[in-house]
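**Q** Got a sequence here, can you build the structure:
(one chain, ligands or ions: 2)
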Amino acid sequence: MRTSVTVDTGASRYEILIGRGVWADAASWDGLPRAAHAAIVSNTTVAPLYAGRVAALLQARYREVCTVVLPDGEAHKDWRTLDLIFDHLLAHGADRQTVLFALGGGVVGDMAGFAAACFMRGVPFVQLPTTLLAQVDSSVGGKTGINHPRGKNMIGAFHQPSRVLCELDTLATLPARELSAGLAEVIKYGPIADMGFLDWIEDQLDALRERDPAALAHAVRRSCEIKAQVVGADEKEAGLRAILNFGHTFGHAIEAGVGYGRWLHGEAVACGMVMAAELSARLGLVDRGFVARLESLLQRAGLPTVAPPLGAGRYLELMRVDKKALGGEIRFVVIESPGRAALRPAPDALVREVIEARCGAVA
Ligand code: NAD
Ligand code: GLY
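**A** Ligands and ions are numbered 1, 2, ... in the order given. Purely as a prediction, here's the structure:
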């Protein structure tokens with residue numbers, strides 16, 4: 001059960017290989033950039049599980065293989081941790097051909113990708129995503145970067161990987177809360193692009209939560225197909241690509257507002273999608289039934305749908321530094337009709353109403 005999806009941005013073209021046993025298949029590694037040196041970038045949780053296996057596979061192809069192990073967590077997606085990668089590369093004789101292998105979830109992938117974009121002005125990298133979220137979203141499309149205390153993913157670069165190898169067997173060790181966080185990004189593709197896929201997720205949600213291999217394979221493949229199509233049409237987010245940020249304007253404010261790492265990224269996106277759907281309803285674009293359907297599916301997936309009570313003023317302050325904001329005007333991804341999304345400004349008063357309607361009580 002192996003599939004592949006091609007990402008073609010015009011400037012670069014690469015394969016996402018998806019399935020069980022993808023890493024073990026020697027052909028998956030054929031044709032990667034040649035170099036004397038490869039560096040695995042991982043973290044304290046994932047390295048003990050998988051770095052030995054990956055190092056053995058790479059040793060057959062690269063003369064030198066080193067591994068840098070980062071502290072785990074969104075709270076470490078910062079300059080200090082990024083510097084650990086550069087320190088390690090320089091200490092281990094990396095050169096401008098060195099290939100980085102990002103082994104982990106979205107945090108490792110975003111940081112290793114950003115390190116690859118910057119090190120010696122750019123080296124190749126390969127994504128080895130080990131969370132559902134990373135397999136369906138963050139490993140694909142070349143957005144890399146780190147957080148700033150004032151805003152999520154504020155510092156970064158577009159840098160496409162040479163390949164993405166989604167080994168579905170790694171999902172067996174993923175904690176249930178992290179699996180749910182990944183399901184948020186899977187569900188996201190329905191309202192923005194494919195309501196047929198949303199029907200399928202509703203039908204297969206129990207199988208997905210039980211990690212049924214066929215259900216997971218389909219979810220990863222369809223998600224990657226949709227993302228590849230969007231990224232292929234708009235790599236640098238001049239327009240269309242923004243739809244992939246459905247729920248992220250509210251979600252990023254939640255993550256930064258409560259402190260990075262307290263809400264998982266997927267959890268914040270889940271709650272943010274309900275808020276963005278609520279905004280779409282208040283703009284008269286979708287009906288209440290659509291909002292209720294999305295909320296109920298997210299709850300079934302084990303995800304939060306009640307926002308933390310940061311106060312409307314604080315939400316607005318955080319959202320004004322969102323990367324989609326222009327000239328101080330916040331722009332939201334709204335659902336124009338089920339299966340179709342667009343970027344739009346919204347009056348502050350309406351956004352306040354949404355926040356007040358969707359926030360929990362102050363503790
Ligand atoms: P994560 O990278 O923090 O991983 C979640 C947790 O699971 C971590 O503790 C990790 O160590 C652990 N883990 C990873 N794989 C495991 C496995 N197989 N078994 C056991 N434990 C495992 O979180 P995430 O949800 O993967 O990624 C979230 C990040 O991705 C956020 O920083 C977000 O901003 C970013 N993101 C980026 C993009 C993009 O396009 N670049 C898109 C979406 C999200
Ligand atoms: N996850 C949003 C994007 O890749 O554009």
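**Q** which residue ranges form the helices in the stretch 101-250 of the chain?
**A** Using DSSP state H, counting those that start in this stretch, the helices of the stretch 101-250 of the chain run over residues 106-118, 132-133, 176-193, 195-209, 213-233, 248-258.
**Q** So for the third one, what gets flagged as buried?
**A** Buried residues in helix 176-193, defined by neighbour count with 16 or more other C-beta atoms under 10 Å: 178-193. The way it works is simple: take the backbone N, C-alpha and C, and place the C-beta from them, glycine included.
**Q** just checking, E255 touches P149?
**A** No - applying C-beta atoms under 8 Å as the test, E255 and P149 come out as separate, 11.7 Å apart.
**Q** Looking at the two, which has the bigger crowd around it?
**A** Using other C-beta atoms under 10 Å, the more surrounded residue of E255 and P149 is E255, with 25 against 9.
**Q** show me what contacts the more buried one?
**A** Residues counted as contacts of E255 (C-beta atoms under 8 Å, 6 or more residues apart in numbering) are 74, 152, 263, 265, 268.
**Q** leaving aside the residues next to it on the chain, what's closest to it?
**A** Of all residues not flanking E255 in the chain, A268 sits nearest, at 4.7 Å (C-beta to C-beta, 6 or more residues apart in numbering).
**Q** what does G266 give?
**A** G266's closest residue in space is A181 (C-beta to C-beta, 6+ apart), at 2.7 Å.
**Q** Also L318?
**A** Among residues not flanking L318 along the chain, A253 sits closest, at 3.9 Å (C-beta to C-beta, 6+ apart).
**Q** so can I have TSV of the helices of the stretch 101-250 of the chain showing distance to A357 and mean pLDDT?
**A** Formatted as TSV, the helices of the stretch 101-250 of the chain follow (distance: least, C-beta to C-beta, whole Å; pLDDT from 0 to 100):
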stretch	distance to A357	mean pLDDT
helix 106-118	29	98
helix 132-133	27	98
helix 176-193	19	98
helix 195-209	23	98
helix 213-233	29	98
helix 248-258	12	95
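**Q** Quick one, which of those helices gets closest to L298.
**A** helix 176-193 (6.4 Å; C-beta to C-beta).
**Q** The closest one vs ligand 1: in contact?
**A** Yes - part of helix 176-193 sits near ligand 1 under the criterion C-beta under 6 Å from any ligand atom, namely 178, 181.
**Q** And the residue most central in space within the chain, how close does it get to E295?
**A** Nearest to the geometric centre of the chain sits S138, at 3.0 Å (C-alpha atoms, centre = their mean). From S138 over to E295 the distance is 24 Å, taken as C-beta to C-beta, to the nearest Å.
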